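Student: Have a look at this prediction, sequence included:
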Amino acid sequence: MTPGLTTPTVSHTGQVLSRAVTFQFALYPNAEQKILLAKCAGARRYTMNHHLARVKANLEARSAQREMLSECGDPCEPSTPSLSWAAFSFINEFNAWKNGQSDDALVNDDGTRGLVWRHELPGDVFECASVDAARALENFSTSRRGERSGSPVGFPRFQAKGKVTPSFRLRNRATSGMPPSSHPIRFNDPSHLRLPKFGPVKLFGSTRKVRRMIDVGRFHVYSATFTQRAGGWTVSLTGVAAEFHQAERSRTNRHAIPVGVDRGIISLCVAADANGIPFNSFEGVKTLKQAHASLKAANQALARTTPGSKGCQRARARLATRHRKVANIRRHLVHQASRALVDRCQVLVIEDLNVAGMMRNRRLAKSISDAAMGELSRQLRYKARWHGVEVRVADRFFPSSKTCSGCGEVKTNLDLLTRTYSCEVCGLVIDRDLNAAINLARWQPKETSEVSLLDPTPALLPSTA
């Protein structure tokens, strides 16, 4: 399992690593490695379904016994013992089951017990899948008890081939202080990543930055996650890195006045400071709208194919490639905007938007998803922690768009079609988004929880932007 970030990792050069970072690369596996990647993804589905089936059968048996006892008026507990949902319990149980050491292990045709193909794959595939199953069940348990924020979470779904994204994870079993050359997951050369059971796998893109960070002890890899999207495989190297240099985190040369960031549909975001001076404006993300014609054609081509045929697989891959391109362009533009704001500001003020609730509006859902409102907030938060920038989150019900930035008058009625704010009291005429950004910049937090710089938990997010 990934070590806790509360205890900083120390690299082989003695540097303290506490900043969570993820680097992502595209893979160019050979024919044998492609087969092994698909087998590992299938093994993860197999392992998760094994644990979910055991837990579901145990819950149903205990529930049936509990009903029988209640009908008889017996207050005793069910005779079937409950299963432990801890990750270590899942790992130990599945290891014993696949190795043929448990009583209910599979019996093969030749009389051997356990999974005959277990030695073909890295053992971490099964253990990490067991950890994922335990986490999914923990989310279900905490949601059922009302201890989990957000939407209710039901019992985890079984992993069906073709209906879930093929993925699996491998841990880098390396202790603190171990030289990178002896790590199970390491770079052989600038274009190859060595993995257990796989050997060197070719990568696409420059790896110079991450290799230099590993060599000088500024980055330690905890795990590698492999995901297949749009017919291609990617690897995400997740770990901890050293904090940025003090000069990078210095606030001396940054804009001292708080800057409000208003996210919208027409523009990606509009920024202005508390003095009413426009700071920056970023064009809206229209990648989904621009790709509507090609996506429609790809969907129609997929609908004309025979389900399960080779042509259906190729059409589905073409559709997935187009969606992947849209997502990559959107993420790149958001990275540019968030990095520009973090580099130039000392204090950023954003609003706490209910993006999930806004997505329920069928007339606005497509535009809101294309505007990447949640992604921009996410990137601003974690980049601000890295660079020492204070981020204030305005109250969700703060009327930033309806308040006049000149006199403070609040309009009761202001529809989304009105893009220019006209104040009837002071006569101010200003762009709606710019007016909201100025009001956000002037907002003051009432509690320390509304300042995300004080949040000690970093996010495992890409650092390549």
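Tutor: That came through, no problem.
Student: Give the burial count for Leu137, as a bare number.
Tutor: The number of residues packed around Leu137, counting by other CB atoms under 10 Å, is 21. No exception for glycine: its C-beta is placed from N, CA and C like everyone else's.
Student: what about it, helix or strand, and which?
Tutor: helix 123-144 (DSSP states H and E).
Student: any idea how far that helix is from the chain center?
Tutor: Offset of helix 123-144 from its chain centre (CA atoms, centre = their mean, to the nearest Å): 16 Å.
Student: Can you list the buried residues in that helix?
Tutor: 123-134, 136-137, 140, 143 (16 or more other CB atoms under 10 Å).
Student: Distance from the chain centre to stretch 167-186, please.
Tutor: 22 Å.
Student: same deal with stretch 333-350?
Tutor: Going by CA atoms, centre = their mean, where stretch 333-350 is centred and where its chain is centred differ by 20 Å.
Student: contacts for that stretch?
Tutor: Residues from elsewhere that reach stretch 333-350, judged by CB atoms under 8 Å, 6 or more residues apart in numbering: 251, 254-261, 263, 268-269, 271, 279-280, 282, 285, 287, 372, 375-377, 379-380, 383-384, 386-387, 389-394, 440-441, 443, 462, 465.
Student: just the buried members of the residues you listed?
Tutor: The neighbour count (16+ other CB under 10 Å) marks 254-255, 258-261, 263, 268-269, 271, 279-280, 282, 285, 287, 372, 375-377, 379-380, 383-384, 386-387, 389-394, 440-441, 443 as buried among the contacts of stretch 333-350.
Student: before we move on, back to that, the buried residues of helix 123-144: which two are farthest apart?
Tutor: Put simply, by CB to CB the two of the buried residues of helix 123-144 set farthest apart are Gly123 and Ser143, 31.0 Å from each other.
Student: returning to what we had before: could you say what helices and strands the helix holding Leu137 packs with?
Tutor: Applying 3 or more CB pairs under 8 Å, 6 or more residues apart in numbering; DSSP states H and E, one finds that helix 123-144 contacts helix 31-72, helix 87-98, strand 167-171.
Student: between it and helix 31-72, how many degrees?
Tutor: Helix 123-144 runs at 40 degrees relative to helix 31-72, counting by axes from the mean of the first three to the mean of the last three CA atoms, to 10 degrees.
Student: can you list contacts of helix 123-144?
Tutor: Here helix 123-144 has contacts from 1, 40, 43-45, 47-48, 51-52, 55, 85-87, 89-91, 94-95, 98, 118, 148, 152-156, 168-171, 173, 196, 223, using CB under 8 Å, 6+ apart.
Student: what about burial for those residues, which qualify?
Tutor: Judged by 16+ other CB under 10 Å, buried ones among those: 40, 43-45, 47-48, 51-52, 55, 85, 87, 90-91, 94-95, 98, 153, 156, 168-171, 196, 223.
Student: Glu285 contacts Ala371, doesn't it?
Tutor: Actually, residue 285 is Val rather than Glu. Yes. Taking contacts as CB atoms under 8 Å, Val285 lies within contact range of Ala371: 6.0 Å.
Student: Next, show the common contact partners of the two.
Tutor: In contact with both Val285 and Ala371: Leu268, using CB under 8 Å, 6+ apart.
Student: Would you state the strands of the stretch 101-250 of the chain in chain order?
Tutor: All strands of the stretch 101-250 of the chain, identified by DSSP state E, counting those that start in this stretch, fall at 167-171, 186-189, 192-195, 199-204, 219-229, 232-241.
Student: Of the ones you listed, which is nearest Ala297?
Tutor: So among the strands of the stretch 101-250 of the chain, strand 219-229 is nearest, using CB to CB, at 20.4 Å.
Student: OK, contacts around Ala301?
Tutor: Ala315, Arg318, Leu319.
Student: Of these, select the buried ones using a PyMOL command.
Tutor: Buried members of the contacts of Ala301, defined by 16+ other CB under 10 Å, are picked up in PyMOL with:
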select buried, resi 315+318+319
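Student: Go through the contacts of Ala301 and name the one nearest Pro200.
Tutor: Of all the contacts of Ala301, the one with the least separation from Pro200 (CB to CB) is Arg318, at 30.2 Å.
Student: quick check: domain ranges of this structure?
Tutor: Domains of the chain are assigned by automatic domain parsing as 9-32+165-241, 36-144, 246-454.
Student: Just put those domains in JSON lines and tack on mean pLDDT.
Tutor: Output for the domains of the chain, formatted as JSON lines (pLDDT from 0 to 100):
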{"stretch": "domain 9-32+165-241", "mean pLDDT": "91"}
{"stretch": "domain 36-144", "mean pLDDT": "90"}
{"stretch": "domain 246-454", "mean pLDDT": "83"}
